[in-house]
Structures are given as structure tokens and as C-alpha cells.
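Undergrad: Okay, sequence plus prediction incoming.
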Amino acid sequence: MIDRDADKRLAAVAAVREVCDDMLVGLGTGSTATHAIAALAERRLRIETVATSHASAKLAESLGLRVRDFAEVSRVDLAIDGADAIDAELYAVKGAGGAMLREKVVADAADRMIVIADGSKRAQRLGGTPLPVEILPFAKSYVVARLAHFFDRTAERPNYRTDNGNIVVDGHGWDDTALQTLADSLVAIPGVVGHGLFLREIDAAYIADGGIVTRLERGRNPR
């Protein structure tokens, strides 16, 4: 039986080898990202970090990492984060941890963005994975009605707010044949503040499956 948690850690350890002294590193959110934060702390490098969630910031600080306020940062050297699903083109769905908006901002600010994942996150198609959409609470009913054009079913996460104070609706059953068109359509809806489609942000991925780590680079063959 494959130990998925062990694979997550292997992928994290491989990814943090890219981190060097004097870097500013973006820390992701979620179960896989916690492995990266722990692996990074173990290296005891001379670095600073920014975090995509309060939970990641708290963990990083507890492990001795210096965390800066991203509001004062315009550029990051390297960002490391997990994914809910990722395909061969390094298109991904993220947001199970609810931090996809902050994650996307940090990823876009980074010179290099790395995804870490276990083999179960590899996908031929992304449409089978729920797509999170972050919504301004004021616009909930209006936005959910608009989302019916793109999803077979939507489900609001109960009793949940993001670190931004917004709600998250997960879209199920969506057409993944025109990803950029869908992404553009979602952000065009007033009241949508973010979504979990990552189409151009990811530069590389370390994926561990059964103890074997594969590195994928955008536009290159895996090594």
C-alpha cells in the first residue's frame, strides 16, 4: 500500500533543496505545504518567508522561520505549495485549504513557483476535481446563480470563512476543455474574488509516487 503522506514529505524535501541562503520564500497552505515548511525549517538556512495563510505563518514561526508581512513585499524568489490536481501541462486545481487567492498572489509574485504533490494528485483531466471559488459574502446568492452556468452543482463550505473573510463555494462537474476561457469567465463575475484554477503560475512540480520523486518542468521533459 502506498504511503501518501510519506510521498508528500519526499516531494517537499526534494523541492526545498532549491532554496538557498538569502532567498525570500513563499509558503503554501494545506497538508502537503506543511511538509515543505517543516523540511525548510530543518535546513536552517538564512532566509525569510511570506505565508499564504495564518495557519502556515503560525507553523513557520513555531519552527523558527522568519515570516514577513506580504503586504510589504512585491517580489518573492521562490514559492512552494501543494495542489489538489495537476496535469502534464502543469495546469492545476488548488484551494482545498481555502487559501487559493493568497496562494495565487504569492505565486504570481514569485520568480519561480513549485508545486509538490503525491502521485494521487496527477490527473489526465482536471474537471473531475472540485473547483473552489472564493466569493464576497455580500454577493453570495447572485454569484451562486451565475456559477450554475459553469458547474453541474455547487456547494458552499459550511461555517467557513477564508483568511480574507470570504466564503468558498466548490464547483462540481465542470467542462475542462477550455480552461482559460473558464478562468476568464469566473473572474468576470462581480463578487468572485478568486478561484482555484492555476494555469500560468506553476513553473515546476515535484511529484512523489511510491517513494519515487519525479520533477516536471514547464516546457521540458520530466527528470
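TA: That came through fine.
Undergrad: Phi, psi for Ala71 please.
TA: Ala71 has phi and psi values of phi -60, psi -20 when expressed as degrees, to the nearest 10.
Undergrad: confidence score at it?
TA: The per-residue pLDDT reported for Ala71 equals 97.
Undergrad: Could you give the number of residues near it?
TA: By other C-beta atoms under 10 Å, 6 other residues sit near Ala71. In short, each C-beta sits where N, CA and C put it, glycine included.
Undergrad: Tell me which residue is most central in the chain.
TA: Lys94 (4.5 Å; C-alpha atoms, centre = their mean).
Undergrad: show me what contacts that residue?
TA: Asp81, Gly82, Ala83, Asp84, Met100, Glu103, Lys104, Pro132, Gly196, Phe198 (C-beta atoms under 8 Å, 6 or more residues apart in numbering).
Undergrad: Now do the contacts for the third one.
TA: I take that to be Ala83. Thr32, Ala92, Val93, Lys94, Val115, Ala117, Lys121, Phe198, Ile202, Ala205.
Undergrad: thinking again about what came up before, what's the distance between the residue nearest to the centre of the chain and Arg44?
TA: Lys94 sits 29 Å away from Arg44, taking C-beta to C-beta, to the nearest Å as the criterion.
Undergrad: Over to Arg161?
TA: Taken as C-beta to C-beta, the span from Arg161 to Arg44 is 35 Å.
Undergrad: which one of these two has more residues nearby?
TA: Neighbour count, other C-beta under 10 Å: between Arg161 and Arg44, Arg161 has more, with 12 against 9.
Undergrad: which strand residues sit across from the closest residue to the more buried one other than its chain neighbours in the sheet?
TA: Among residues not flanking Arg161 along the chain, Ile167 sits closest, at 6.6 Å (C-beta to C-beta, 6 or more residues apart in numbering). With DSSP bridges as the criterion, Ile167 is bridged to Ile135.
Undergrad: which residues touch Ile167?
TA: By C-beta under 8 Å, 6+ apart, the contact list for Ile167 reads Glu134, Ile135, Pro137, Lys140, Glu156, Arg157, Tyr160, Arg161.
Undergrad: Mind listing what's buried along stretch 41-61?
TA: Residues of stretch 41-61 classed as buried by neighbour count (16 or more other C-beta atoms under 10 Å): 41, 45, 47-53, 55-57, 59-60.
Undergrad: same thing with stretch 147-163?
TA: Applying 16+ other C-beta under 10 Å to stretch 147-163 flags Leu147, Phe150, Phe151, Thr154, Thr162, Asp163 as buried.
Undergrad: ok so, going back, tell me how far the residue nearest to the centre of the chain lies from Arg17.
TA: According to C-beta to C-beta, Lys94 and Arg17 sit 22 Å apart.
Undergrad: Could you chop the protein up by domain?
TA: When the chain is parsed with automatic domain parsing, its domains come out as 4-124+199-217, 131-195.
Undergrad: what's the span of the shortest one from first residue to last?
TA: Looking back up the chat, that one is domain 131-195. The straight-line separation of the ends of domain 131-195 (C-alpha to C-alpha, to the nearest Å) is 7 Å.
Undergrad: circling back to that earlier point, hey, which of the domains of the chain is tucked in deepest?
TA: Among those, ranked by average contacts under mean count of other C-beta atoms under 10 Å, first place goes to domain 4-124+199-217 (a mean of 20).
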